[in-house]
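Chemist: have a look; sequence and predicted model below, questions after that.
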Amino acid sequence: MSAITDLQLARMLLRQWKPAPGTYTAPAAVVTWDGAQASFELTGAAPDPAAVVLYPGLGRPLAQAIGAPPQRPTGPTISALVANYAAATAPLQSAAGSVALEARFLSRLNAGCRKCPHWKEADLAGRGRCDSVFCHCTQRLLWLADEVCPEHKWAA
Ligand code: SF4
């Protein structure tokens, strides 16, 4: 059983992070991951707010969360991030180390995605969508520290 963060749990539920099958323990839940599906039991601890932003189902009762389809992430819009990065990422800062430096976010956005034919900045209500066939989750979280480009146009 491996320890993970609530943010990693949220990314697993969104299928943005696909670790080896096994059982993982996050502060908010114990998760069984078979490589494609996750089932989990909440521990009763309050989930990391940043993880709830990514996967709102973590904030709901277990019965509603298990088996529910992945929900659209509700993170900050690109325009909000560009206008005031500190304010836009403030609700996400509780997951220590999860938020990339502003310079890295801007580099990813301006030197990477905005020059890429796969980038649809207005999609997902202004959160931006990557339509690369290698992007299984469509939304790239440019503000997330360990995010990667599926086409290797920028690194974490
Ligand atoms: S392929 Fe990479 S650079 Fe292009 S939109 Fe997707 S994440 Fe951005």
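Modeler: Nice, thanks for sending it over.
Chemist: the residue lying closest to residue 155 once chain neighbours are set aside in helix, strand or coil?
Modeler: Using C-beta to C-beta, 6 or more residues apart in numbering and skipping residues adjacent in sequence, the residue nearest residue 155 is residue 148, 6.4 Å away. To be clear about C-beta, it is placed using only N, CA and C from the backbone, and glycine gets the same treatment. Following DSSP: H, G, I helix; E, B strand; the rest coil, residue 148 is assigned to coil.
Chemist: how close does residue 148 get to residue 17?
Modeler: Shown here: residue 148 relative to residue 17, a distance of 10 Å by C-beta to C-beta, to the nearest Å.
Chemist: then residue 112?
Modeler: Remark: distance between residue 112 and residue 17 (C-beta to C-beta) = 20 Å.
Chemist: burial of the residue nearest to residue 155, as a residue count?
Modeler: Neighbour count of residue 148, defined by other C-beta atoms under 10 Å: 14.
Chemist: got it, and residue 131?
Modeler: 12.
Chemist: does the residue nearest to residue 155 touch residue 142 like I think?
Modeler: No - Residue 148 lies out of contact with residue 142 (C-beta atoms under 8 Å); the separation is 10.8 Å.
Chemist: give me the common contacts of those two.
Modeler: Shared contacts of residue 148 and residue 142, defined by C-beta atoms under 8 Å, 6 or more residues apart in numbering, are absent.
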